[in-house]
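# Just the structure for this:
(chains A and B)
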Amino acid sequence: MGRTRRVKMDLKKIKSDIEAAIPGCRVQLVVNGSPSGQHSLLLDREHALEVAKFLRDDPGLHLDYCSNVTGVDWLDTETSEKVKVKQLVEGVEQEVEEVRKTRTPGYLECVYHLYSMEKKHGPLVLRLRTRNRTDQITLPSFTPIWRSAEFQEREIFDLYGIVFEGHPDLRRILMWDEFEDHPMRKDYVEPNDYEYEPTPHDAVLEKSRQARAIEGQG
Amino acid sequence: MDPDLKIELGRQGIFTTTLEELYNWGRKSSVWPLTFGLACCAIEMIATTMARYDLARFGAEVFRPSPRQADLMIVAGTVTKKMAPQVVRLYNQMPEPKYVIAMGACAISGGPFKQGYNVLKGIDRYIPVDVHIPGCPPRPEALMDAFITLQKKIEAQSLTGAERPRHLNADAPSEFVVPQYGAHDLEPAKNVKLWNIIYKTAANGPNTTGEDGPEKD
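Next up is the predicted model:
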């Protein structure tokens, strides 16, 4: 990074600026605990487009360059915690430990990295999340704001299955049009074409066995 | 004809040959490859044709941009599943006699992308390959070696009998099934007929796994 001047983004200030400029929008600071400390802002779907427009056009921020768009698949998670509950056991009140399970539904996430060519600052990391992983998978497209998002949003549509509303040309970009799966999703099952493996081992050995079993039947 | 006698006659100024030899000599000395590359192996293929390595020494300098005029398909690079139908279609459009060199790890097996969802695990799933070259990418010397191997193969072909080349055998297939884009994979995932020819013979070889090979390991 030597000669380039990098100004760390003050996310708290940007968050309050956004909230002041766009009434009613919900912005959440997502903290990254790793040494890189690359924190991000989680936007709500309804106001995301307005927020993006603000970030691009605000003279103080002027984030005119969207360098990267990527997808993340978060599966449904189940967390269990032990809670002490008072219960009547054989007529005596006792504290009993109970395991409570909470199921958090998964979602698909889209991450944007924004820079400013003029101000020489960035990246500002934006996140958008879909409601779930199955039927409510639409997000607003940022292509009308940053043209560079066009192909990357198509790629996310192709590989993760997020539908971008307002995208001018939302088609698959890598896989063929007839393809129905989304290969980067964590529950994607790839076709088993491991019939011939010269040196199979571990997972590949198992797949090779399966493929041979299928072939034996057919 | 006895080769020693042939050499002796040659010393006396008498040139003897057979029609087969002459015919194969002509074929092997002017193999025109098809101009196309799929990935980084193509760069090595291009280097092979240029001044330093000079594939022209073997009669293969005329790269044809049309499959109708080409004799040899050098599958140089990763064949993705999206690209496979086009490669097979190009092969089908080439007139007989035609040959295929699968160049590099990807073209022969899928290479480093073998366990991905999007790369074909070897072009020999759909078209018959004459010479496989391993390497990532193979050096120009390796491609030249493959080319010389192909020339030896052409030279050794008998024009009559069961082993005669495909263009002299009306029953031999010249076109192979072009895979269709399916909902989850290419359909069919491999040309079963071709597959059986390749892997039945492979099963008899010393270093390859047979029907129950992987289980033994």
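# okay, now residue 121: neighbour count?
Just so you know, I chose chain A. Look at residue A:121: counted by other CB atoms under 10 Å in any protein chain shown, it has 19 neighbours. Any C-beta I mention is one placed from the backbone N, CA and C, and that applies to glycine too.
# my bad, chain B
24.
# And for residue B:124?
Using other CB under 10 Å: residue B:124 sits among 24 other residues.
# what's the answer for residue A:97, then?
Residue A:97 has 8 neighbours, counted by other CB under 10 Å.
# so it is in which element?
According to DSSP states H and E, residue A:97 maps onto strand A:92-104.
# so how far is chain A from the residue nearest in space to the middle of chain B?
Per CA atoms, centre = their mean, the C-alpha nearest to the average position across chain B is that of residue B:100, at 2.1 Å. The gap separating residue B:100 from chain A is 18 Å, by CB to the nearest CB, to the nearest Å.
# what pLDDT, on average, does the helix or strand containing that residue get?
Assigned by DSSP H and E, residue B:100 belongs to strand B:99-103. Averaged across strand B:99-103, the pLDDT comes to 94.
# any weak-confidence spans in chain B?
B:197-217 (pLDDT under 70).
# right, I mislabeled it, should have said chain A
Chain A contains residues with pLDDT under 70 at A:1-7, A:215-218.
# Chain B contacts on chain A?
Listed as neighbours of chain B in chain A under the rule CB under 8 Å from any CB of the partner chain: A:174-181, A:183, A:188, A:190-191, A:193-201, A:204-205, A:208-209, A:212.
# Confirm for me that residue A:107 is in contact with residue A:133.
Yes. Between residue A:107 and residue A:133 there is a contact under CB atoms under 8 Å: 6.2 Å.
# re the thing from before, in PyMOL, how would I select the buried members of the residues of chain A next to chain B?
This is how PyMOL selects the buried members of the residues of chain A next to chain B, with burial counted by 16 or more other CB atoms under 10 Å in any protein chain shown:
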select buried, chain A and resi 175+176+179+181+183+193+194+195+196+197+200+205+208+212
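# Inside helices: which ones of the residues of chain A next to chain B?
Counted as lying in helices by DSSP state H, out of these, are A:204-205, A:208-209, A:212.
# which ones are touching the residue nearest the centre of chain A?
Central residue of chain A (CA atoms, centre = their mean): residue A:109, 2.1 Å from the mean position. Applying CB atoms under 8 Å, 6 or more residues apart in numbering or on different chains to residue A:109 gives the contacts A:71-74, A:127-130.
# picking that back up, you'd agree the residue nearest to the centre of chain B is up against residue B:133?
No. If you go by CB under 8 Å, residue B:100 and residue B:133 don't touch, sitting 11.4 Å apart.
# Quick check: chain neighbours aside, which residue is closest to residue B:33?
residue B:72 (4.4 Å; CB to CB, 6 or more residues apart in numbering or on different chains).
# Against residue B:156, how distant is that neighbour?
From residue B:72 across to residue B:156, the span is 17 Å (CB to CB, to the nearest Å).
# more neighbours, those two?
Applying other CB under 10 Å to residue B:72 and residue B:156 shows that residue B:72 carries more neighbours, namely 21 against 10.
# The more buried one bridge partners, please.
Beta bridges link residue B:72 to residue B:33, residue B:99, judged by DSSP bridges.
# can you pull out the strands in chain B?
B:72-76, B:99-103, B:131-133, B:180-181, B:186-187 (DSSP state E).
# mind giving me JSON lines with these and columns for distance to residue B:19?
Shown next, in JSON lines, are these (distance: least, CB to CB, whole Å):
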{"stretch": "strand B:72-76", "distance to residue B:19": "23"}
{"stretch": "strand B:99-103", "distance to residue B:19": "21"}
{"stretch": "strand B:131-133", "distance to residue B:19": "26"}
{"stretch": "strand B:180-181", "distance to residue B:19": "43"}
{"stretch": "strand B:186-187", "distance to residue B:19": "43"}
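# and residue B:116, which of those is closest to it?
Residue B:116 lies closest to strand B:186-187 among the strands of chain B, at 13.8 Å (CB to CB).
# can you tell me if the closest one touches chain A.
No. If you take CB under 8 Å from any CB as the test, strand B:186-187 misses chain A, and the best it gets is 8.6 Å.
# gap between that strand and the chain center?
The chain centroid and the centroid of strand B:186-187 are separated by 23 Å, computed with CA atoms, centre = their mean, to the nearest Å.
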